[in-house]
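**Q** Please work out how this folds:
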Amino acid sequence: MIAESEPPIAPRPEGVTMVLNTAAQYKESSIETLENHVGVQVREETYDAKANKALVKLYQFSPHRCRPEILELVFAKAMMARPKADMSAILCICPHKLADSTPLLRRLGKCEQLVETSRFADFWEHARDIEVPGFAPHLRRFILGLLSQTFCTAPIDLVARALGIAVDDARALAAAPTPSSPLLPSTDPDVATFKPNPKNQPRQQRFSNPVHLDTLLSLFSNENNVFRAATTTKHHPQEAG
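**A** The predicted model follows:
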């Protein structure tokens with residue numbers, strides 16, 4: 001239901017390493033090698049951001065060689081890497097014509113916008129039938145981490161909607177979280193409790209030189225006081241003796 005950690009880095013075959021470390025990364029002939037590497041990442045649920053970005057760059061300059069079904073996988077894998085901004089980087093270099101070339105590519109682009117703006121319930125409406133292995137668990141991991149930075153406690157129905165799961169599943173998740181989860185075990189079936197972290201705790205305001213209220217009020221005790229300081233410091237030229 002929820003991934004325990006971010007996708008592991010994919011081992012690079014010698015051919016992929018050679019492409020990325022030489023001028024071959026700019027050659028159209030390298031496209032097939034990088035496409036095959038994407039397929040391995042999907043099957044083994046690993047991730048290689050550098051290789052995938054290199055492939056999209058080649059698609060940028062050789063759009064006729066783009067395989068939309070591979071680009072769909074690249075988009076999905078980039079989203080699964082959140083909170084890294086890999087998807088934003090991919091969208092910056094991917095020509096709009098390619099990013100808009102299939103319904104799934106358009107939907108993945110929309111999903112990125114919805115996650116970016118924290119519209120999680122709408123995101124799950126668009127993402128439910130995306131069948132890339134690990135897609136939903138990794139996005140739930142990211143969203144749960146984001147909630148933990150916002151809330152100390154949260155209504156269980158809100159957590160369920162944000163994670164795109166049933167309320168009963170959210171209750172089970174909150175009652176017995178895994179060790180890597182940002183949740184603490186909750187005895188209240190209607191509330192999820194998050195582990196304390198620097199972002200979900202009240203911040204104490206500290207002033208090194210506090211200004212007392214009496215001092216501020218004294219400035220306005222007489223309507224002329226605000227002008228008094230200015231008149232006492234006004235420069236008066238000396239009279240000629």
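
**Q** Thr193 belongs to a helix, doesn't it?
**A** No: going by DSSP: H, G, I helix; E, B strand; the rest coil, the assignment for Thr193 is strand, not a helix.

**Q** check contacts around it.
**A** The neighbours of Thr193, taking C-beta atoms under 8 Å, 6 or more residues apart in numbering as the test, are 152-153, 174, 183-186. All C-beta atoms are positioned from the backbone trio N, CA, C, and that covers glycine.

**Q** Leaving out chain neighbours, which residue sits closest to the residue nearest the centre of the chain?
**A** What sits nearest the mean C-alpha location of the chain, by C-alpha atoms, centre = their mean, is Pro83, with 3.6 Å. Leaving aside its chain neighbours, Pro83 sits nearest to Phe142 (6.0 Å; criterion: C-beta to C-beta, 6 or more residues apart in numbering).

**Q** Now do the helix or strand hosting that neighbour: which elements does it pack against?
**A** Using DSSP states H and E, Phe142 maps to helix 135-150. For helix 135-150, the elements it packs on are helix 68-80, helix 103-116, helix 120-127, helix 156-163, judged by 3 or more C-beta pairs under 8 Å, 6 or more residues apart in numbering; DSSP states H and E.

**Q** which parts of that helix are buried?
**A** Within helix 135-150, the residues scored as buried using 16 or more other C-beta atoms under 10 Å are 135-136, 138-144, 146-148.

**Q** can you list those residues in JSON lines and add distance to Gln204 and pLDDT?
**A** Shown next, in JSON lines, are the buried residues of helix 135-150 (distance: C-beta to C-beta, whole Å; pLDDT from 0 to 100):
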{"residue": "Phe135", "distance to Gln204": "40", "pLDDT": "97"}
{"residue": "Ala136", "distance to Gln204": "39", "pLDDT": "97"}
{"residue": "His138", "distance to Gln204": "35", "pLDDT": "97"}
{"residue": "Leu139", "distance to Gln204": "34", "pLDDT": "98"}
{"residue": "Arg140", "distance to Gln204": "33", "pLDDT": "97"}
{"residue": "Arg141", "distance to Gln204": "31", "pLDDT": "97"}
{"residue": "Phe142", "distance to Gln204": "29", "pLDDT": "97"}
{"residue": "Ile143", "distance to Gln204": "29", "pLDDT": "98"}
{"residue": "Leu144", "distance to Gln204": "27", "pLDDT": "98"}
{"residue": "Leu146", "distance to Gln204": "24", "pLDDT": "96"}
{"residue": "Leu147", "distance to Gln204": "23", "pLDDT": "97"}
{"residue": "Ser148", "distance to Gln204": "20", "pLDDT": "97"}
